[in-house]
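Engineer: predicted model, plus sequence, below.
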Amino acid sequence: MSKLPRRDFLRLAALGMGSVVLNRFLAACAPRTTPSAAPTNPPLPTSTSVPTATSAPTATQSPEPTPASTSHLSLETETVLLNSGYNMPIIGLGTFRLSDSQCENSAYHLLLYGGRLIDTTRIYGNEAAVGRAIQRAIDEGLVTREEIFVTTKMWTADFNDGDNAIEASLERLGLDYIDLMILHHSQPGSDVEAYQAMERAVGTGKLRSIGLSNFYTPEDFDRLANATTITPALLQNETHLYHQSMQMKDHLEQYGTVFEGWYPLGGRGQTQILFNDETVVSIAEAHDKTSAQIILRWHLQAGNIAIPGSSNPDHILENLSIFDFELSQDEMDRLTMLERNERFSDY
Ligand code: NAD
């Protein structure tokens, strides 16, 4: 408890956070005895076809070649079981456009406040900053490595040199293994080769889970999946209230591939569009929550892992504080009705 900085208590009080958040924060400050969101399960072997099993593996279960259907996030454990056999936290921190120092500070505060999922990539130039934040949190006894889940991505220019790209990310992060590496973009012609490099790294234990980002059609996803051996554990695409990605999410069900949304709040420069949407505002008022919290809670209840980006510790704490309320079916329906199939990004 001596690690509890007074200014953070004051920040909690000023934010009017509920007991769940306070407990989360206190837990983050207390010495840990058991991991809360650690990938404790043994990895399952690879699958060469669409998985069919529905039972979740456990730490004691022997590996089976049929990964579980894992698209259902647990709001109790705040994790989802990936088809690789590892658990992944369902809310975390994105680091797009964060400078080196902002990124280190944000990632550290995420860990301080009990968050465990960090999304980075070589093209953001801040993998090393994530590594420093992790090391600091470990050194201070806030977390163990096993409790943290780090995602990074392989950039398209590296697709022909995937083995070295993985080594370079490991080195910049200062980690022995990466929890999840995803291809940053679909790139027919070289993405299969890049994915195969990630498969090899799963074999050597350097990567635990692998997946994809920016694959926007079922056909494109199938193209990659059919040409490779390990079923993608996750797909990360632009997803928010105005672009809800229902077709892709439905398609992923058969693979047991989970879905993660980037731009969960609309992305920098566009967040006010979603925050001020009158449906969001009215639901936020009903729950005495912020628009950001309503949107992030919608993501989780809709089955999307969310990685909101922020350089503001208050917002990082706010974004983690979405487990002490629930959106009703009517509220979920009203938010689903906001779908416009409208992306904010053009890539
Ligand atoms: P986002 O939708 O998370 O929005 C970020 C913006 O929201 C920032 O301006 C931030 O200051 C603001 N914000 C965050 N929390 C807030 C709060 N509680 N109240 C008010 N404002 C708040 O957009 P993003 O960060 O670009 O996307 C999320 C993450 O997704 C990225 O950081 C990155 O890790 C990942 N991403 C991946 C890709 C890809 O191609 N795979 C592309 C873009 C982003």
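Structural biologist: Thanks, I have it. Residues are numbered from 1 along each chain as shown.
Engineer: tell me the phi and psi of the closest residue to I123 other than its chain neighbours?
Structural biologist: Nearest in space to I123, with sequence neighbours left out and distances taken as CB to CB, 6 or more residues apart in numbering, is W155 at 4.7 Å. For glycine as for every other residue, the C-beta is placed from the backbone atoms N, C-alpha and C. Per-residue torsions, W155: phi -80, psi 150 (degrees, to the nearest 10).
Engineer: let me see the contact set for W155.
Structural biologist: By CB atoms under 8 Å, 6 or more residues apart in numbering, the residues touching W155 are 121-123, 165, 184.
Engineer: give me that answer again for 10 Å
Structural biologist: Taking CB atoms under 10 Å, 6 or more residues apart in numbering, we find W155 in contact with 121-124, 165, 169, 183-185, 194.
Engineer: do F149 as well
Structural biologist: Contacts of F149 by CB under 10 Å, 6+ apart are 37-39, 79, 82, 86-89, 92, 115-119, 178-180, 208-209.
Engineer: what does A302 give?
Structural biologist: 73, 239, 241, 244-246, 249, 259, 261, 327, 332, 335-336.
Engineer: show me where this structure has its helices.
Structural biologist: 6-15, 19-29, 100-112, 127-139, 162-173, 191-203, 218-227, 246-253, 271-275, 278-287, 291-301, 313-320, 329-336 (DSSP state H).
Engineer: redo those as JSON lines? Include distance to S345 and mean pLDDT.
Structural biologist: Conversion of these to JSON lines gives the following (distance: least, CB to CB, whole Å; pLDDT from 0 to 100):
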{"stretch": "helix 6-15", "distance to S345": "30", "mean pLDDT": "38"}
{"stretch": "helix 19-29", "distance to S345": "31", "mean pLDDT": "42"}
{"stretch": "helix 100-112", "distance to S345": "20", "mean pLDDT": "98"}
{"stretch": "helix 127-139", "distance to S345": "22", "mean pLDDT": "98"}
{"stretch": "helix 162-173", "distance to S345": "23", "mean pLDDT": "98"}
{"stretch": "helix 191-203", "distance to S345": "19", "mean pLDDT": "98"}
{"stretch": "helix 218-227", "distance to S345": "17", "mean pLDDT": "98"}
{"stretch": "helix 246-253", "distance to S345": "16", "mean pLDDT": "98"}
{"stretch": "helix 271-275", "distance to S345": "13", "mean pLDDT": "98"}
{"stretch": "helix 278-287", "distance to S345": "20", "mean pLDDT": "98"}
{"stretch": "helix 291-301", "distance to S345": "17", "mean pLDDT": "98"}
{"stretch": "helix 313-320", "distance to S345": "20", "mean pLDDT": "98"}
{"stretch": "helix 329-336", "distance to S345": "21", "mean pLDDT": "98"}
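Engineer: to R145, which of those helices lies closest?
Structural biologist: Of all the helices of the chain, it is helix 127-139 that lies closest to R145, at 6.3 Å by CB to CB.
Engineer: and that closest one, what does it pack against?
Structural biologist: Contacts defined by 3 or more CB pairs under 10 Å, 6 or more residues apart in numbering; DSSP states H and E place helix 127-139 against helix 100-112, strand 117-119, strand 149-154, helix 162-173.
Engineer: relative to helix 162-173, how tilted is it?
Structural biologist: 50 degrees (axes from the mean of the first three to the mean of the last three CA atoms, to 10 degrees).
Engineer: so helix 127-139 versus helix 100-112, what angle?
Structural biologist: Using the same axes, to 10 degrees: helix 127-139 against helix 100-112 is 40 degrees.
Engineer: and helix 127-139, is it in reach of the ligand?
Structural biologist: No: contact between helix 127-139 and the ligand is absent, the nearest approach being 10.4 Å (criterion: CB under 6 Å from any ligand atom).
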